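Below are the sequence and a predicted model for it; my questions follow.
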Amino acid sequence: MNNRIMEILTGLVACPSISCTVKEVTSENYVYEFLQNIPYFKEHPELFGMHMIPHDPFGRGVPWALVLGKKPDTVIYSGHIDVVDTQVYGDAEDLCFTIGEELEKKLASMDLNERQRADMESGEWVWGRGTADMKGGVSIAMALVEHYASLAMKGELEGSILFSAVPDEESYSAGMRAIMPKYLELRDSYGLKFKLLVDPEPAAEDGDTQILSLGSVGKTMPVFVTQGELAHTGHIYNGISALNMMTGLYKKTNGSLKFVDSYEGESSMPPGWFQLRDNKELYDVSLPYRSFGYMSVLSFDRTLDTILAQLKDLAIEVFEEEVTRLDEEYQEFKKLNKFEKKEKIFYPTTVYTVNELVAELKARDGKSFDKKYDEAKEEAGRKISEGMAFPDATVWLMDQLLTWADIKRPLILIGVAPPYYPPTHSDMIPGREGYGTKVFQFANKLSTEKFGQELNYEHYFTGISDNSYSMLPEMDFEALAANYPMWGKYYSLDFEAIKEVSVPAILYGPIGREYHQWTERVNKHSLLEVMPEMIQAVTEFAWNND
């Protein structure tokens with residue numbers, strides 16, 4: 001099987017499937033043609049296909065396949081086949097989608113550090129974009145699908161396998177979000193019993209041990225739009241800059257441990273901001289009227305409603321502190337300037353969530369607002385299809401809401417932008433409690449005894465993964481969507497399908513290093529010897545253990 005895995009990987013890496021580009025479809029076409037050529041699927045064409053992603057600007061789909069065994073007990077293999085961009089390769093960029101001597105020779109001539117050079121000289125690693133993240137793991141899954149399909153043709157396959165190769169994991173997880181209803185359809189059509197989902201993402205190392213992830217961190221992306229009061233810079237105390245409140249929000253949230261979740265010695269990372277600026281497009285001498293910013297909040301168990309409530313309290317605090325600070329500054333300035341006569345600078349505290357502002361606008365304008373809002377969402381969708389990022393489209397929609405509201409006083413508006421990743425853990429599905437740990441204990445014993453490769457576990461993979469859509473925590477779905485202006489046609493989750501599927505999911509794939517970097521590589525022994533046998537063993541364990 002190791003030769004087959006290398007053959008598949010070489011072809012898959014050759015597909016320049018950079019996420020959210022027209023070339024991304026090259027890898028899904030490769031996978032589809034691979035499935036098409038398997039004899040089992042020639043006999044059963046209804047058991048594989050390409051599930052197209054609705055309203056996708058790049059025309060992407062998800063190749064899938066179902067191999068039916070003697071029992072309905074089913075293990076899902078799902079991994080992503082998109083990759084991040086390749087500019088970081090520099091002079092080696094034209095070779096980064098190749099595997100072999102030419103790329104390795106080029107990389108060896110570049111500025112490798114001591115560890116990288118030792119790995120290069122060892123000959124024990126496969127180099128190239130996507131080898132680790134995560135076409136190596138997908139290649140193992142594809143080889144296993146081919147293997148199990150041959151057993152099924154002989155009537156010798158014990159359980160069943162459902163396979164999908166998803167696009168867009170590196171951006172918005174459109175592939176995984178789209179395939180979940182298909183999983184449910186297949187489950188109901190063939191009476192499947194989903195036992196486990198294995199996502200063969202590259203495994204990190206902790207010393208000599210390999211990490212298996214029992215769960216995946218949640219991610220929420222709050223968006224802020226602040227509005228000040230316009231003033232000429234020659235008279236700045238006649239107004240307030242929108243950046244006053246935005247920078248206050250930044251200082252109270254960026255890196256704040258108040259937003260960190262902890263669980264059994266692990267913790268989520270504190271928030272980090274991706275964007276912060278005013279919305280002035282041309283130079284003039286007035287204070288910025290509006291500004292915007294967005295950040296990422298990672299969580300283990302903190303829900304969106306909890307995060308929004310926390311942010312609203314914080315925004316009220318920031319608003320009042322900034323107004324107080326401005327007034328104190330003004331009182332000192334008055335002592336220096338005889339023309340300043342105002343007794344006090346004061347603005348009433350005004351903080352909205354998107355849901356609250358929309359409710360106010362609906363109450364004011366009814367159907368007229370609904371029509372206008374729907375048209376604006378369509379325009380935002382067009383901007384997305386032309387390359388705008390979802391957070392920026394969210395900012396644009398929130399700006400439209402404020403313009404329609406025609407509120408003249410300073411304020412803070414809080415919304416949320418896609419993508420949304422719920423936190424998940426394979427031990428925490430009602431009725432399947434502890435299942436992920438049971439799988440880990442089996443895998444650790446076998447891996448240690450047979451391959452000398454000890455495993456360790458982490459409760460939550462903090463790099464964000466598609467496994468977030470394998471189950472859902474309890475939440476108010478309607479309330480969640482209400483604060484996402486982009487929720488609907490262009491971005492959504494099928495909450496009911498995900499809830500119905502609810503399968504324990506682990507991340508367990510070949511050992512990789514420095515994914516997303518120009519030194520990305522996957523370990524040959526892990527890729528070709530250890531993980532094919534381990535994933536088979538885990539699959540058979542799941543077929544036979546509840």
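Cool, the structure landed.

what about residue 182, which SS state?
helix (DSSP: H, G, I helix; E, B strand; the rest coil).

Repeat that for residue 220.
From three-state DSSP, the assignment for residue 220 is strand.

do the same with residue 419
Assignment for residue 419 (three-state DSSP): strand.

So what's the residue count around it?
By other CB atoms under 10 Å, 19 other residues sit near residue 419. (Glycine included, C-beta is placed from N, CA and C.)

And the pLDDT at it?
Note on residue 419: pLDDT of 96.

Look at the closest residue to it other than its chain neighbours and say how many residues are nearby.
In space, and not counting its chain neighbours, residue 419 is closest to residue 172: 4.5 Å by CB to CB, 6 or more residues apart in numbering. The tally of other residues near residue 172 (other CB under 10 Å) stands at 19.

which residue ranges form the strands in the stretch 351-500 of the chain?
For the stretch 351-500 of the chain, applying DSSP state E, counting those that start in this stretch gives strands covering 351-353, 411-421, 424-425, 455-458.

pLDDT at residue 367, what is it?
In this model, residue 367 is scored at 84, pLDDT.

coming back round to it: now the strands of the stretch 351-500 of the chain as JSON lines including distance to residue 504?
Supplementary listing: these in JSON lines, determined by distance: least, CB to CB, whole Å:
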{"stretch": "strand 351-353", "distance to residue 504": "34"}
{"stretch": "strand 411-421", "distance to residue 504": "17"}
{"stretch": "strand 424-425", "distance to residue 504": "9"}
{"stretch": "strand 455-458", "distance to residue 504": "13"}
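
out of those strands, which comes closest to residue 367?
With respect to residue 367, and counting by CB to CB, the nearest of the strands of the stretch 351-500 of the chain is strand 351-353 at 21.7 Å.

so what strands line up beside that closest one?
strand 411-421 (parallel) (DSSP bridges).

coming back round to it: looking at the strands of the stretch 351-500 of the chain, spot the one closest to residue 78.
strand 424-425 (13.4 Å).

what's that closest one in contact with?
214-216, 218, 436, 459-460, 467-468, 470-473, 505 (CB atoms under 8 Å, 6 or more residues apart in numbering).

for stretch 365-384, same thing?
55, 57, 358, 361-362, 388, 390, 392-394, 396-397, 400-401, 404, 485-486, 488-490.

Let's see that with 6 Å instead.
Outside of stretch 365-384, the residues within contact range by CB atoms under 6 Å, 6 or more residues apart in numbering are 361-362, 393, 396-397, 400, 490.

Likewise for stretch 166-186?
19-20, 24, 28, 51, 53, 60, 62, 66, 80, 82, 84, 164, 418-419, 466, 469, 493-494, 497-498, 500-501.

in that stretch, what counts as buried?
166-184, 186 (16 or more other CB atoms under 10 Å).

Please compute how far that stretch lies from its chain's middle.
12 Å (CA atoms, centre = their mean, to the nearest Å).

and what of stretch 448-460?
So, by CA atoms, centre = their mean, the centroid of stretch 448-460 is 26 Å from its chain's centroid.

Outside of that stretch itself, which residues are in contact with it?
Under CB under 6 Å, 6+ apart, the answer for stretch 448-460 is 206, 209-215, 217, 263, 266, 300, 440, 443-444, 447, 530.

let's see it at 8 Å
206, 208-217, 263-264, 266, 268, 300, 423, 425, 437, 440, 443-444, 447, 526, 529-530, 533-534.

Can I have the buried ones of the residues you listed as a PyMOL selection?
Isolation of the buried members of the contacts of stretch 448-460 (16+ other CB under 10 Å) is achieved in PyMOL through the command below:
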select buried, resi 209+210+211+212+213+214+215+216+217+268+300+423+425+437+440+443+444+447+526+529+530+534
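
From the contacts of stretch 448-460, which land in helices?
Judged by DSSP state H, the subset of the contacts of stretch 448-460 located in helices is 437, 440, 443-444, 447, 533-534.

Quick one: the helices in the stretch 151-300 of the chain, in order.
174-190, 242-253 (DSSP state H, counting those that start in this stretch).

Make JSON lines out of those helices and add distance to residue 75 and mean pLDDT.
Formatted as JSON lines, the helices of the stretch 151-300 of the chain follow (distance: least, CB to CB, whole Å; pLDDT from 0 to 100):
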{"stretch": "helix 174-190", "distance to residue 75": "12", "mean pLDDT": "98"}
{"stretch": "helix 242-253", "distance to residue 75": "41", "mean pLDDT": "97"}
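
The ones you listed: which one's closest to residue 513?
Taking the helices of the stretch 151-300 of the chain one by one with CB to CB, helix 174-190 is closest: 24.6 Å.

Quick one: distance of the closest one to the chain centre.
The answer for helix 174-190 is 19 Å, by CA atoms, centre = their mean.

try stretch 221-233
28 Å.

Can you pull out the low-pLDDT segments for the stretch 201-350 of the chain?
Judged by pLDDT under 70, the stretch 201-350 of the chain has no weakly predicted residues.

all strands in it, in order from the N-terminus.
205-206, 209-213, 215-216, 218-227, 262-263, 266-267, 272-278, 290-299.

Tell me the strands beside the fifth one, with direction?
Read it as strand 262-263. strand 266-267 (antiparallel).

and the strand it pairs with, how far out from the chain's middle?
19 Å.

same thing with stretch 35-49?
Using CA atoms, centre = their mean, the offset of stretch 35-49 from its chain centre is 31 Å.

Tell me which residues of it come out buried.
For stretch 35-49, by 16+ other CB under 10 Å, it's 35, 38, 40-41, 44, 47-49.

quick one on the thing from earlier: of all pairs in the contacts of strand 424-425, which one is the farthest apart?
Every pair of these checked by CB to CB; the farthest is 459 and 472, at 17.7 Å.

related to what we said a few turns ago, nearest to residue 154, of the strands of the stretch 351-500 of the chain?
When the strands of the stretch 351-500 of the chain are ranked by proximity to residue 154 (CB to CB), strand 455-458 comes first, at 32.5 Å.

Pull out the buried residues from the closest one.
Buried-residue list, strand 455-458, by 16+ other CB under 10 Å: 455, 457-458.

closest to residue 257 among the residues you listed?
For the buried residues of strand 455-458, the nearest to residue 257 is residue 458 (19.9 Å; CB to CB).

Dump the C-alpha coordinates for stretch 248-258 into CSV.
As requested, C-alpha coordinates have been extracted for stretch 248-258 and formatted as CSV (Å, rounded to 0.1, in the frame of the first residue of the first chain):
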residue,chain,number,x,y,z
GLY,A,248,-10.3,51.2,23.5
LEU,A,249,-12.0,48.0,22.3
TYR,A,250,-8.7,46.7,20.9
LYS,A,251,-6.8,47.4,24.1
LYS,A,252,-9.4,45.6,26.3
THR,A,253,-9.7,42.5,24.1
ASN,A,254,-6.5,41.8,22.2
GLY,A,255,-4.6,39.2,24.2
SER,A,256,-7.1,39.4,27.0
LEU,A,257,-7.2,36.4,29.3
LYS,A,258,-10.8,37.2,30.2
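
what's the spacing between that stretch and its chain's center?
Centroid separation for stretch 248-258 versus its chain: 22 Å, with CA atoms, centre = their mean.

cool, stretch 66-74 as well?
In terms of CA atoms, centre = their mean, the gap separating the centre of stretch 66-74 from the centre of its chain is 30 Å.

Identify each buried residue in that stretch, please.
For stretch 66-74, a neighbour-count test (16+ other CB under 10 Å) marks 66-69, 72-74 as buried.

Take these and write them to TSV, including pLDDT, distance to residue 514 and secondary structure.
TSV is the format used below for those (pLDDT from 0 to 100; distance: CB to CB, whole Å; DSSP: H, G, I helix; E, B strand; the rest coil):
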residue	pLDDT	distance to residue 514	secondary structure
66	98	35	strand
67	98	34	strand
68	98	39	coil
69	98	38	coil
72	98	41	coil
73	98	37	strand
74	98	34	strand
